[in-house]
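S.K.: Pasting a predicted model and its sequence here:
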Amino acid sequence: MGKIHIMDEWLSNKIAAGEVVERPASVVKEFVENAIDADATTIEVFLEEAGLSFIQVVDNGSGMSEEDALKSFARHATSKIEKEQDLFRIRTLGFRGEALASISSVCKMTMKTSDGQGGAELYIEGGHIKSQKPAALRQGTDITVAQLFYNTPARLKYLKTVQTELGHSMDLMNRLALGNPHIAFKLVHNGQVQLQTNGRGHVQQVLAAIYGAHNAKKMFEFTGETNDYKIHGFATLPELTRASKNYISIFVNGRWVKHYLVQKAVVDAFHTYLPIERYPIAALFIEGDPQLTDVNVHPAKHQIRLSKEPELLQLVEQTIRAAVRDVVRVPLAAKPK
Ligand code: ADP
Ligand code: MG
């Protein structure tokens with residue numbers, strides 16, 4: 001007899017969880033992205049102890065039927081892609097069909113969901129469905145996670161303080177709110193509201209909710225386009241800077257991404273206007289044909305490969321530089337509204 005056998009699904013899910021589910025913020029990310037993909041217009045996140053003991057995400061999106069709810073926990077279960085060509089025109093945030101399978105294998109999870117007609121209430125522990133009943137409630141999904149990593153003690157040990165873990169979730173929610181100004185987000189930690197946006201579609205309102213109205217007022221707007229890319233966004237004047245580049249948020253077709261060269265183009269646009277080692281707060285939105293942007297680089301999907309990158313970098317740098325020159329020449333206070 002050979003020595004090789006195929007792992008059972010539960011074990012392979014748990015291994016996959018090690019890759020994608022690093023900390024409470026990873027769970028928040030997957031759930032909130034699912035809510036966004038389900039066209040929710042309000043998404044509320046409740047955390048206790050930064051999510052170490054409790055995470056709840058409630059959305060008013062499409063919800064699921066009982067049949068889909070049961071399927072959604074299987075590995076590679078997704079409603080978002082069907083065939084290979086779909087990979088090259090991804091418009092949803094998720095597509096790997098792994099999140100629910102992985103997360104549910106390392107916690108105790110309850111999911112209540114309804115598509116407006118049917119629905120289900122499921123309780124899953126360590127990847128196994130322990131109870132299920134039909135439930136028809138308001139359309140949407142309400143999913144809770146208790147005792148994250150209760151069965152992976154090594155992962156639990158690696159987690160940082162409540163403050164650090166909360167910081168990760170807050171950064172994430174800030175970015176998701178910025179990338180989706182038409183969705184009303186709420187983040188509540190230990191009963192206290194940390195972030196609340198109104199979902200009316202104004203990036204300035206989200207910037208004010210995150211950085212304070214006072215700081216948001218000190219930001220200028222920029223827009224520009226080439227044949228392939230359209231950009232717009234907001235950045236702070238040289239008078240309001242931060243010691244880290246992390247306050248520069250970049251979105252490609254609504255998805256937050258890390259892109260070193262685009263970030264550098266934003267900083268370079270300020271040229272000599274920035275004090276040494278200081279960086280602007282900025283939100284940059286890039287729109288382009290999904291075929292130009294490959295997100296399937298890493299499971300967390302933060303990295304992206306861009307076609308026609310030099311063209312885009314030049315667009316970013318020139319657009320922001322022109323806008324900076326404009327506002328520096330005309331002091332903001334003197335600028336007509
Ligand atoms: P993916 O998002 O990559 O498709 P997930 O494991 O995150 O994989 O979710 C599996 C499927 O479950 C999704 O494709 C979607 O059909 C469904 N689903 C998950 N969360 C929600 C939600 N909040 N509302 C509606 N459907 C959801
Ligand atoms: Mg998903």
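M.R.: Looks like it came in fine. Ligands and ions are numbered 1, 2, ... in the order given.
S.K.: Mind listing the residues bridging to the closest residue to I55 other than its chain neighbours?
M.R.: For I55, ignoring the flanking residues on the chain, the nearest one in space by CB to CB, 6 or more residues apart in numbering is V145 at 4.3 Å. The way it works is simple: take the backbone N, C-alpha and C, and place the C-beta from them, glycine included. On the basis of DSSP bridges, V145 is bridged to I55, M109.
S.K.: mind checking how far V145 is from ligand 1?
M.R.: 13 Å (CB to the nearest ligand atom, to the nearest Å).
S.K.: so who does that residue touch?
M.R.: Residues in contact with V145 (CB atoms under 8 Å, 6 or more residues apart in numbering) are 27, 51, 54-56, 103, 107-109.
S.K.: Go through these and name the one nearest ligand 2.
M.R.: I103 (9.6 Å; CB to the ion).
S.K.: Now for that closest one: which residues touch it?
M.R.: 17, 21, 27, 30, 109, 145.
S.K.: quick revisit: now do the residue nearest to I55, the pLDDT please.
M.R.: V145 is assigned a pLDDT of 97 by the prediction.
S.K.: Check F88 too.
M.R.: We have a pLDDT of 64 for F88.
S.K.: if we can go back for a sec, now pLDDT and distance to K157 too, for the contacts of V145, in CSV please.
M.R.: Output for the contacts of V145, formatted as CSV (pLDDT from 0 to 100; distance: CB to CB, whole Å):
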residue, pLDDT, distance to K157
V27, 96, 18
G51, 96, 16
F54, 97, 19
I55, 98, 19
Q56, 98, 24
I103, 92, 19
C107, 94, 16
K108, 96, 19
M109, 97, 21
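S.K.: now those as TSV including distance to H128?
M.R.: Formatted as TSV, these follow (distance: CB to CB, whole Å):
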residue	distance to H128
V27	18
G51	22
F54	20
I55	19
Q56	21
I103	14
C107	12
K108	11
M109	11
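S.K.: where are the low-confidence patches of the stretch 101-250 of the chain?
M.R.: Across the stretch 101-250 of the chain, nothing is flagged by pLDDT under 70.
S.K.: can you pull out the helices in it?
M.R.: 153-158, 162-179, 203-211, 213-216 (DSSP state H, counting those that start in this stretch).
S.K.: Tell me the helices and strands packed up against the last one.
M.R.: The elements that helix 213-216 packs onto, with contact taken as 3 or more CB pairs under 8 Å, 6 or more residues apart in numbering; DSSP states H and E, are helix 203-211.
S.K.: Any buried residues in the helix it packs on, and which?
M.R.: 203, 205-211 (16 or more other CB atoms under 10 Å).
S.K.: okay if I get the helices of the stretch 101-250 of the chain as CSV plus distance to ligand 1?
M.R.: Below are those laid out as CSV (distance: least, CB to the nearest ligand atom, whole Å):
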stretch, distance to ligand 1
helix 153-158, 19
helix 162-179, 14
helix 203-211, 21
helix 213-216, 30
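S.K.: Which among those helices is found nearest to ligand 2?
M.R.: Nearest to ligand 2 among these is helix 162-179; the distance by CB to the ion comes to 13.1 Å.
S.K.: The closest one to helix 203-211, inter-axis angle?
M.R.: Interaxial angle, helix 162-179 versus helix 203-211 (axes from the mean of the first three to the mean of the last three CA atoms, to 10 degrees): 170 degrees.
S.K.: Pull out the buried residues from helix 162-179.
M.R.: Neighbour-count burial for helix 162-179 flags 162, 165-166, 168-170, 172-179 (criterion: 16+ other CB under 10 Å).
S.K.: and which of the residues you listed is nearest to I320?
M.R.: Using CB to CB, L178 comes nearest to I320 of the buried residues of helix 162-179, at 16.8 Å.
S.K.: so what's that closest one up against?
M.R.: L178 neighbours (CB under 8 Å, 6+ apart): 203, 206-207, 210, 249, 251, 256, 283.
S.K.: same check, this time on S79
M.R.: By CB under 8 Å, 6+ apart, the contact list for S79 reads D68.
S.K.: Wasn't it part of a strand?
M.R.: No - secondary structure of S79 (DSSP: H, G, I helix; E, B strand; the rest coil): coil, not part of a strand.
S.K.: quick one: it from ligand 1, how far?
M.R.: 3 Å.
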